[in-house]
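A.B. asks: heads up, no residue letters with this:
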């Protein structure tokens, strides 16, 4: 077994593209080699600022020989048929065929033997194809004619060795070889390479290059923590920044620098983001304390003669210049009240068909007031927070740092004496922005966050801008999942989204804030549906009264919109529950009952999963399946559906003791389950069902259902149907795999 070492040496590859490039190289070249019949024991990729490559261990020297048999026409078939067969099989004559015999007589079989190819030939053919079709997000074109390069940056060398020998090929006018280069300043080379072990050793010891991105990340994190600890400080860790910095350096050297302490009066988010976005520095804090210090960690790409003193000082000067700009924005913004900023939102378009951000703010404020009692918030505070929530979008600081939207609004609100609950809601109403993001739990924050997301969803549904396939330009899936998580984490109970949707539309209409183009679209749709008498009504439009009537009529006529939106929420909830570890069949069983209360469905799915993981749950499922299977077989045979109660005489005096026990157990469990479900106490409902486990087991062990006595058999089948009904009141157990 042999080793393949392949490296593309080029000018600086953007750090953000390196992880994806490693994955693409592994897949594309790996697929090519597999398709050619090559297998291996291990494949490792590596990437850095100036190189992308991989090493594959355990490759065979050549592919296996292939022997293929292809059936042809009957012996004695017309010459044309035989010639076509030979041509299709790629054989010269019938001498390369054998005669075989079946029930219908003799026929020809072509024997096609393909000798294996050397792995070096396969590699030499595969790599140019992979490089020419490599999916860089952005690429550059260099050179002319057939030697033109289209790559992320100009390529300088190609290294390719198989079993220590150069694999000869040419891409973009560059021929492969056995030479690489090291660090620009500390060990440029070039270096002649014989294998991967020597390649790694030479690059590290002479070239001062660590080619493994994962190893560079580990060294950066370890070194940054060390320089902080030595100064009695703590590193503010950032996984995304760590990955990016590891893509900028070949020989990382963490250094501790210090900015002007006067800048510490800026919000810590501003300092941290300035360091991260503009300078790629790590922030530093005091152990156990919030905020940041004047220290920072920068990552040099070399070992400096003075230990990095000059580098750290230079980085501090650049950072101070950046923070001076931030201070200017901060001071200017604080001179303007948030209410004045909010007034400028009428100049910012939210969406062409949904009006301005100011229009959206009016809708969200009204809806937040309506939702406030549901989540236990003060309606006045919820409305005020909603009216100020988007104000910082026009601030100079958010214009410079869009990532700080909401966070800066909170600082401005506190600076201007607003209630802390209002300030927190301004910051938190965008949450959650991803699966790992926190959910706003404070009542005012939850009310505004729900209102904002529901307004967005309903608005885009109304103008038919829904997610399609993998495309979701307005992040509507994230908004729906946000609503689900907020409801799940709070005490809010929205029985259905229908009422919320109607509240949104009604409030928007009442406030006369639906943009005219949407109103015209709504009116035209009603006209096409024959729900309005004359387009003349559009004259003088919009007026609050007409707008309200028009929109309400439109949503009555287009009930498909609410159903579609509810289905979208249901799909998002299923994804959320699957990510949480709930089994897909449990989710299907709960949703099969048609419940559209997201909170109730979630609680029921969790309780059912927990119940089925117990011994009682597994046994009850087995008993249910046995009862359901007997009923299905009998119903198919007779064409009758068994439903309802057995007759009174049977219930009062069933002949077998075990069926009497089961009747009593069902009679006791039914009201308990019904009461527990009404109270949404699904754990109690499962416990009541668990009490039927032993009676059901005993019934099937000792009672014959299909007895010759017709009346008795029918009553026993009806008893089984009562088991099915009792269990399926909680969920459709037919959809749960045993």
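C.D. replies: Great, that's in hand. These numbers come from a predicted model, not from an experiment.

A.B. asks: Which helix or strand in this structure has the lowest average pLDDT?
C.D. replies: Lowest by mean pLDDT, DSSP states H and E among the helices and strands of the chain is helix 497-510, with a mean of 42.

A.B. asks: tell me the contacts of residue 337?
C.D. replies: Taking CB atoms under 8 Å, 6 or more residues apart in numbering, we find residue 337 in contact with residue 416. In short, each C-beta sits where N, CA and C put it, glycine included.

A.B. asks: Okay, it and residue 417: tell me how far apart.
C.D. replies: Going from residue 337 to residue 417 by CB to CB, to the nearest Å gives 10 Å.

A.B. asks: Equivalent analysis for residue 61, please.
C.D. replies: According to CB to CB, residue 61 stands 78 Å off from residue 417.

A.B. asks: Neighbour count: those two, which is higher?
C.D. replies: residue 61 (12 against 7; other CB atoms under 10 Å).

A.B. asks: The more buried one contacts residue 122, correct?
C.D. replies: No - in terms of CB atoms under 8 Å, residue 61 does not count as a neighbour of residue 122; the distance is 10.9 Å.

A.B. asks: now the nearest residue to residue 212 once chain neighbours are set aside, what's its secondary structure?
C.D. replies: Once flanking residues are discounted, residue 212 sits nearest to residue 46: 5.2 Å by CB to CB, 6 or more residues apart in numbering. Put simply, residue 46 is strand when judged by DSSP: H, G, I helix; E, B strand; the rest coil.

A.B. asks: How about the contacts made by residue 46?
C.D. replies: Residue 46 sits next to 22, 52-55, 211-213 when contact means CB under 8 Å, 6+ apart.

A.B. asks: export the residues you listed to CSV and tack on neighbour count?
C.D. replies: As requested, the contacts of residue 46 are exported to CSV (neighbours: other CB atoms under 10 Å):
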residue, neighbour count
22, 19
52, 24
53, 23
54, 20
55, 21
211, 23
212, 17
213, 19
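
A.B. asks: Just name the closest of those to residue 453, please.
C.D. replies: Residue 453 has its nearest neighbour among the contacts of residue 46 in residue 22, at 35.9 Å by CB to CB.

A.B. asks: how close does that closest one get to residue 720?
C.D. replies: Using CB to CB, one obtains 59 Å as the distance from residue 22 to residue 720.

A.B. asks: Kindly report the same for residue 84.
C.D. replies: Relative to residue 720, and taking CB to CB, residue 84 is found at 64 Å.

A.B. asks: For the two, work out which one has more neighbours and name it.
C.D. replies: Taking other CB under 10 Å, residue 84 and residue 720 do not tie; residue 720 has more neighbours (25 against 14).

A.B. asks: What helix or strand is the more buried one located in?
C.D. replies: Per DSSP states H and E: residue 720 is located in helix 710-728.

A.B. asks: what does residue 367 give?
C.D. replies: helix 357-375.

A.B. asks: and that helix, what's its mean pLDDT?
C.D. replies: On average, the pLDDT along helix 357-375 is 87.

A.B. asks: which helices and strands sit right next to that helix?
C.D. replies: helix 338-343, strand 349-351, helix 379-388, helix 443-462, helix 497-510 (3 or more CB pairs under 8 Å, 6 or more residues apart in numbering; DSSP states H and E).

A.B. asks: what's the distance between that helix and the middle of its chain?
C.D. replies: Taking the mean of its C-alpha atoms, helix 357-375 sits 28 Å from the chain's own mean (CA atoms, centre = their mean, to the nearest Å).

A.B. asks: cool, stretch 103-115 as well?
C.D. replies: 52 Å.

A.B. asks: Residues contacting that stretch, please?
C.D. replies: The contact list for stretch 103-115 (CB under 8 Å, 6+ apart) reads 65-75, 82, 85-86, 89-91, 94, 96-101.

A.B. asks: for it, which positions count as buried?
C.D. replies: In terms of neighbour count (16 or more other CB atoms under 10 Å), stretch 103-115 has its buried residues at 107-108, 110.

A.B. asks: Rebuild these as CSV, extending it with distance to residue 724.
C.D. replies: Output for the buried residues of stretch 103-115, formatted as CSV (distance: CB to CB, whole Å):
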residue, distance to residue 724
107, 57
108, 61
110, 60
